[in-house]
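# here is my input; please provide its structure:
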Amino acid sequence: MNEIVSDPGNDNKGEHPVTIITGRVWRRKGGAPEGVHVMLVAPDDDSAVRRALESLSAEGYAEAELDQIGEMEGAPDEEPHLSAWQGALEGEVSVITFDVPA
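The predicted model follows:
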């Protein structure tokens, strides 16, 4: 399952590279985890993590476990990451979820 959710609004468009945060999310405590990739533009890692967690909470995720954060080195080759990357450049917080192996 792939899902892209966008949250508009970032005053720093174009000034910083796209940040990607990877991890797992849960719709309800004790439920099945989903993998997550969050793409956004932020001035620093702390701001990126805070915006990612706020967006995940606003989309109804009860828990999040974030594993890695880094800067993207250009556009991804495939969807849904390409659309998420473009959304991040436009000031959105783009969330991609996917099934994780049990």
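# secondary structure class for A52?
helix (DSSP: H, G, I helix; E, B strand; the rest coil).
# what's the answer for the one 4 residues further on, then?
Using three-state DSSP, the structure places L56 in helix.
# who are the neighbours in contact with it?
Neighbouring residues of L56 by CB atoms under 8 Å, 6 or more residues apart in numbering: V25, V36, V38, A64, V95. Glycine gets a C-beta too; all of them are placed from N, C-alpha and C.
# just name whatever secondary elements the helix or strand I96 falls within is in contact with.
Assigned by DSSP states H and E, I96 belongs to strand 93-99. The contact analysis (3 or more CB pairs under 8 Å, 6 or more residues apart in numbering; DSSP states H and E) places strand 93-99 against strand 3-7, strand 33-41, helix 45-58, helix 81-89.
# nearest to G70, out of the ones you listed?
With CB to CB as the criterion, G70 lies closest to helix 45-58 of those, at 9.3 Å.
# list the buried ones in that closest one?
For helix 45-58, a neighbour-count test (16 or more other CB atoms under 10 Å) marks S47, A48, V49, R51, A52, S55, L56 as buried.
# now distance to V18 too, for those residues, in a markdown table please.
Output for the buried residues of helix 45-58, formatted as a markdown table (distance: CB to CB, whole Å):
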| residue | distance to V18 |
| --- | --- |
| S47 | 14 |
| A48 | 10 |
| V49 | 15 |
| R51 | 13 |
| A52 | 12 |
| S55 | 15 |
| L56 | 17 |
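# great, nothing more from me.
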